[in-house]
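Q: no sequence on hand, only this structure:
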Ligand SMILES: O=C1O[C@H](COP(=O)(O)O)[C@@H](O)[C@H](O)[C@H]1O
C-alpha cells in the first residue's frame with residue numbers, strides 16, 4: 001500500500017477517470033476481506049454523484065460474486081422508487097440488475113410511509129440484519145459530501161448532528177430537495193469498519209479544505225466522520241483538492257487501497 005498512515009488516506013487523482021477504478025477496487029477488496037472474515041459483506045451506499053460513477057466502475061470490472069453482499073443506504077430521499085430523486089431507483093436502473101445480488105440483500109426504505117415511520121421501519125430492517133449490535137457495523141460505507149459540507153442527509157447546523165441514540169433518523173426540512181429523507185446517524189457512520197468519501201468537482205474545494213484541515217473545529221457535518229476503530233479514506237479529484245495545503249497521496253495508475 002502507498003498510504004503513509006495506515007487506515008487514513010487523503011488520496012488525490014487528476015480526475016474521476018482515475019479515481020473511479022480505485023473506488024471500484026476498494027469495494028471489491030473490502031468485500032473479499034469481509035466475506036473471508038465473517039461470511040458476508042455489508043455495504044452502505046450514498047446517492048448523488050456517486051451513483052453513476054460507482055455503477056460504471058463496478059460494471060467495468062470482472063463480475064464479482066455478490067451473493068453474500070448486503071446493501072443498505074446511508075441516506076434515502078422519501079420519494080417513490082421511480083422518481084429520479086430516489087437513490088435506490090437510480091441504482092436499480094444503473095447497477096443492481098447487472099450484478100448478481102439477491103433482492104433480499106438490498107435493504108430499501110418503504111417510501112409509502114410518513115417520514116418518521118419510514119425511518120423507524122428502515123431502522124428495524126437494519127437491526128434485523130445486525131442483530132445484537134447497538135449500532136450496525138458496516139464493512140464499508142461510501143459517502144459523498146455536498147458543497148455545503150453535508151454528508152448522508154446530515155446538514156450543517158441541523159439538530160440531527162447531535163443524535164446519539166437512533167441509528168436512522170427522519171428529516172423533513174432538508175435544505176437540499178427533496179425535503180423529506182431518512183439518514184443514518186453519526187454513531188452508525190463512525191462504527192463502520194471502513195468509510196470512504198468520494199468528493200469531486202471544484203464546487204467542493206473551499207469546504208473540503210476546511211473539513212480536512214480544520215477537522216472537528218470545522219462546522220461541517222463531513223468533518224464529524226471519524227470512524228472509532230475503522231479506516232477512513234477521502235478519494236478526491238484535482239478540482240476538489242485545489243485549495244488543500246495538507247499532504248496528500250497522489251497514486252500512480254493501477255493503485256489499490
Ligand atoms: O443529497 C445528497 O447529497 C450527498 C452529496 O451528493 P453529491 O452529488 O454532491 O456527491 C449524497 O452523498 C447524499 O447521499 C445525497 O442524498
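A: Yep, it's here. Being a predicted model, the structure only gives us computed values, none of them experimental.
Q: bridged to the residue of the stretch 51-200 of the chain found nearest the ligand, which residues?
A: Per CB to the nearest ligand atom, residue 144 is where the stretch 51-200 of the chain lies closest to the ligand, at 2.7 Å. To be clear about C-beta, it is placed using only N, CA and C from the backbone, and glycine gets the same treatment. Counting by DSSP bridges, residue 144 is bridged to residue 198.
Q: got the contact list for it?
A: The neighbourhood of residue 144, defined by CB atoms under 8 Å, 6 or more residues apart in numbering, consists of 46, 47, 48, 49, 50, 151, 197, 198, 199.
Q: residue 98 against residue 61, yeah?
A: No - with contact defined as CB atoms under 8 Å, residue 98 does not count as touching residue 61 (11.7 Å).
Q: list the buried residues of stretch 75-82.
A: Across stretch 75-82, burial judged by 16 or more other CB atoms under 10 Å covers 75, 76, 77, 78, 79.
Q: stretch 82-98 too?
A: Using 16+ other CB under 10 Å as the test for burial, stretch 82-98 gives 86, 87, 88, 89, 90, 91, 93, 94, 95, 96.
Q: can you check stretch 244-257 too?
A: Buried residues in stretch 244-257 (16+ other CB under 10 Å): 244, 249, 251, 255, 257.
Q: one more: stretch 189-202?
A: For stretch 189-202, burial by neighbour count (16+ other CB under 10 Å) applies to 189, 190, 191, 192, 193, 194, 195, 196, 197, 198, 199, 200.
Q: tell me the two of those that are most distant?
A: 191 and 200 (26.2 Å; CB to CB).
Q: coming back round to it: what is the nearest of the buried residues of stretch 189-202 to residue 55?
A: Residue 55 lies nearest to residue 198 out of those, by CB to CB, at 12.8 Å.
Q: is it true that that closest one touches residue 57?
A: No - Residue 198 lies out of contact with residue 57 (CB under 8 Å); the separation is 10.5 Å.
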